[in-house]
Each structure stands twice: as C-alpha cells, then as structure tokens.
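Enquirer: how does the following fold in three dimensions:
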Amino acid sequence: MKGVGSAYRRALRAQFSRRMLLLSGAPLALSLLLWGALLWTGLQPLLDWLQGVFADYGLFQASGSLLSSFGLGALKVMVVPLLAVALLLPLMIGSALLFMGVIAMPVIERHVGASQYPKLEKKEGGSFVGSVAINVGSTAVFALLWLLTLPLYALPPLAWLVQACLWAWVTSRVMSYDALAAHASAEERRSLVRRHRGALLAIGFVSGLAGALPGIAWMGGALLSIVLFPFLAMLSLWLYIMIFLFAGLWFQYFCLGALEELRTGAVSA
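Expert: Numbering: from 1, shown residues only. Below you'll find the model as predicted:
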C-alpha cells in the first residue's frame, strides 16, 4: 500500500487545475451528447416496455409483495422507473469510463509523466487498440455483474458495498493499463499489477464508494418525479466524469511512482 497516500494528495491537487478541468470537457461533452439523445428518444419507450412486461407477467403484484415485506410498500408505484434507472446506470458508467480511458487517460499520462517523471523512459508496452479492448471488455463484464446484483438494492448498504467492489475491479483493471501504457513494457505492467494488486484495488474501492453517490442521487430523483430523470442523469454523468478524472490521476501518480521504484530496484540489484 506504499505510495497510495502520497498519490492521493498529488491527485487531489491536480484535480482542480485548469488543465485537468478543461480535459474533463471532452468526455463530458461526448457523454452528454450520447445520453441526451438516448434519453430523449428512448426513455419513454423503455418505460412503456417495462410497464408492459410487468403487466403481462403479473410482476406488479409480486414486486409489491416483496417491497411490502421490507416495509417499502409505498414504492411499488415507482418500481418501473427505478428498474429503468438500474438498467441504465451501468451503461452510463461504462460509457463515461470508456471516454475517460480513450480520451483523457493518455493526456493525463503525458502530463504527469512530463511534470513529475521526466526522466522515466517510455517503453510503449500498451497501445490504443489494447486500451479500447480492455475498456470495452471490462465494461461489459461490469455491466453484467451490475445487473446480476440488482436484487441487492433491497438492502441499500450491502448494494453500496457491492457496487464499490465492482468499481474497484473495473477501475483497477482499466486505469492501471492506461496509466502504464506509454511508460511501462508489457512485462513491467504485469509485474506491477501483480505486486500492487491490493493497492490498486484499494484505490478503485475508495473511488467506487464515491462513484455510488451519483447513482443514489438519480435513484432518489426517480422517487420524486419522472420529469427529473433526464436532468439528474446529466448531473450524474458530470459527477461520474469528475470521479473518473480524479481516479485516473490517482492511478497515474501511483503507477508511475511504482514503476520508477521498480526500475530503481532493478538497477540497484
């Protein structure tokens, strides 16, 4: 876990620099355009389809009985909007993570490398195609696991922890690759991931605890009014981008520090 705290402090300072705030604009704009169009054209059809499925299979009565057993019977009229939110959330998170990994992380790596580790040799062990592949593959697994754990929303504290664990896995896998793509060789990257797996998962888990908050806010909006759906979705996207930006900086500082330490130790040996 050595270096996690110092990397956190560096990332926190860099998070609100003008360069990083401007950098968040590209993935945010793409996410807003994508999801603005999808929600405008597809939200009502999704709600209508879910309404039909619940009506055809008698799920309203079953879900009402389940919620009543937890003392949440008043929420049975909101079960369809809440399910729509739960289905859309992993896709929103995945798209934000993909845009951050492909667009922002290479810029973050160049910035941190040039300013903090100018003498660290670049061995180009990663590639753009590799970054896209690991982003898409990891996001697909993340979305599937998210859907499988939807019943845990009946127990909010447990759902929050499980989501944070999923975030820990996906961010440590995706962002460690992107953070080391230019500077580390493929063998160095694999060695660092094995050696620092606990620290990488810890960074992802802490980021995941914060990353669950936009989803909770969007869920809460669904309880208030369906009209708030698109607006809270846009707010959630912005929060996801900012959380991913900070997580990317945190992973970047930690990974390059660990790489420098690895090479220094190899030279000494």
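Enquirer: Leu30 touches Leu98, doesn't it?
Expert: No - with contact defined as CB atoms under 8 Å, Leu30 does not reach Leu98; the gap is 9.4 Å. Where you see a C-beta, it was placed from the backbone N, CA and C, and this is true even at glycine.
Enquirer: do a quick rundown of the helices in the protein.
Expert: Assigned by DSSP state H, the helices in the chain fall at 4-15, 18-23, 25-56, 59-69, 79-99, 105-116, 128-148, 156-180, 186-195, 197-224, 229-268.
Enquirer: weakest of the ones you listed by average pLDDT?
Expert: The minimum mean pLDDT among the helices of the chain belongs to helix 59-69 (a mean of 63).
Enquirer: rewinding a little: who wins for proximity to Lys122 among the helices of the chain?
Expert: Closest to Lys122 of the helices of the chain is helix 105-116 (CB to CB; 7.7 Å).
Enquirer: give me phi/psi at Tyr117?
Expert: Backbone torsions of Tyr117, given as degrees, to the nearest 10, read phi -130, psi 60.
Enquirer: wait, what's in contact with the residue nearest to it when sequence neighbours are not counted?
Expert: Distances taken as CB to CB, 6 or more residues apart in numbering put Leu256 closest to Tyr117, at 5.1 Å, once the chain neighbours are dropped. Going by CB atoms under 8 Å, 6 or more residues apart in numbering, Leu256 touches 109, 112-113, 116-117, 120, 179-180, 183.
Enquirer: how far away is Leu256 from Val4?
Expert: When distance is defined by CB to CB, to the nearest Å, Leu256 is 13 Å away from Val4.
Enquirer: please apply the same query to Met175.
Expert: From Met175 across to Val4, the span is 14 Å (CB to CB).
Enquirer: brilliant, that's me finished.
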